[in-house]
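# Quick one, structure for this:
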Amino acid sequence: MESANLQNDSDTDQDLLIKEACRDSAAFTQLYRLHYDNIFRYCARRLFNRHAAEDVTSIVFFKAMRMIGSFKGNSKDFRNWLYRIATNAVNDHLRTSKRRADAICKIAVVRGRDHTFDAESEAEFQEETLPVKQALLTLKPKQQTVITFRFFEQLKLTEIAEILGQNPATTRSQLSRALSSLRKQLEASVGHGREA
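Model prediction:
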């Protein structure tokens with residue numbers, strides 16, 4: 001019961017901070033500090049490159065700072081709003097096929113030197129996650145988005161639907177198609193590896 005009260009107090013404090021941030025840059029700086037880690041982590045999990053994730057995260061908060069005056073909502077809405085901005089920024093970054101191909105090449109060349117997941121050992125990164133990351137980058141941006149939100153950010157389908165501004169049934173359907181596409185990419189890469 002006490003933790004629920006603390007959460008409500010924290011949400012109320014953040015709601016006030018959001019209103020204050022419309023006219024006070026110091027208040028926006030506090031919001032930035034509260035949300036930076038989550039937004040950066042999401043960007044890093046979509047881009048698999050620390051430098052690109054840092055750049056895109058900067059873009060996200062710059063856009064949020066410019067548009068904060070038009071934001072209407074509470075702390076949960078603010079989090080969802082930041083994720084929407086981040087999703088659009090990541091998708092913009094990956095939009096062209098050249099950037100996508102460059103990202104895949106960098107992953108293959110770097111082989112783990114520039115990864116952002118400190119808890120992963122070098123061997124795990126190279127042997128287990130590289131094929132998944134390469135396969136994820138071949139998916140459409142919308143598919144990458146729902147997979148990242150569901151499995152890396154561990155958000156519920158209803159939360160993802162709120163962030164993307166759609167109903168949960170649509171989100172569930174998108175996730176199912178995305179997982180099917182990912183599975184096909186992984187099977188193709190395993191089959192291609194056997195032929196070589």
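# so which helix or strand takes in the nearest residue to Phe152 once chain neighbours are set aside?
Spatially, and ignoring its direct neighbours in sequence, Phe152 is nearest to Arg45 (4.3 Å; C-beta to C-beta, 6 or more residues apart in numbering). The way it works is simple: take the backbone N, C-alpha and C, and place the C-beta from them, glycine included. Assigned by DSSP states H and E, Arg45 belongs to helix 25-47.
# helices and strands around that helix, which ones?
Where contact means 3 or more C-beta pairs under 8 Å, 6 or more residues apart in numbering; DSSP states H and E, helix 25-47 is packed against helix 2-21, helix 50-67, helix 75-94.
# deepest of these, which one?
For the helices and strands packed on helix 25-47, the largest average neighbour count (mean count of other C-beta atoms under 10 Å) is found in helix 75-94, namely a mean of 19.
# what separates it from the chain centre, distance-wise?
The chain centre lies 8 Å from the centre of helix 75-94; the measure is C-alpha atoms, centre = their mean, to the nearest Å.
# returning to what we had before: weakest of the helices and strands packed on helix 25-47 in terms of mean pLDDT?
Lowest mean pLDDT within those: helix 2-21, at a mean of 71.
# residues contacting the residue nearest the centre of the chain?
The structure's the chain has its C-alpha centroid closest to Tyr42; by C-alpha atoms, centre = their mean the separation is 2.8 Å. Taking C-beta atoms under 8 Å, 6 or more residues apart in numbering, we find Tyr42 in contact with Tyr83, Ala86, Val90, Thr148, Phe149, Phe152, Glu153.
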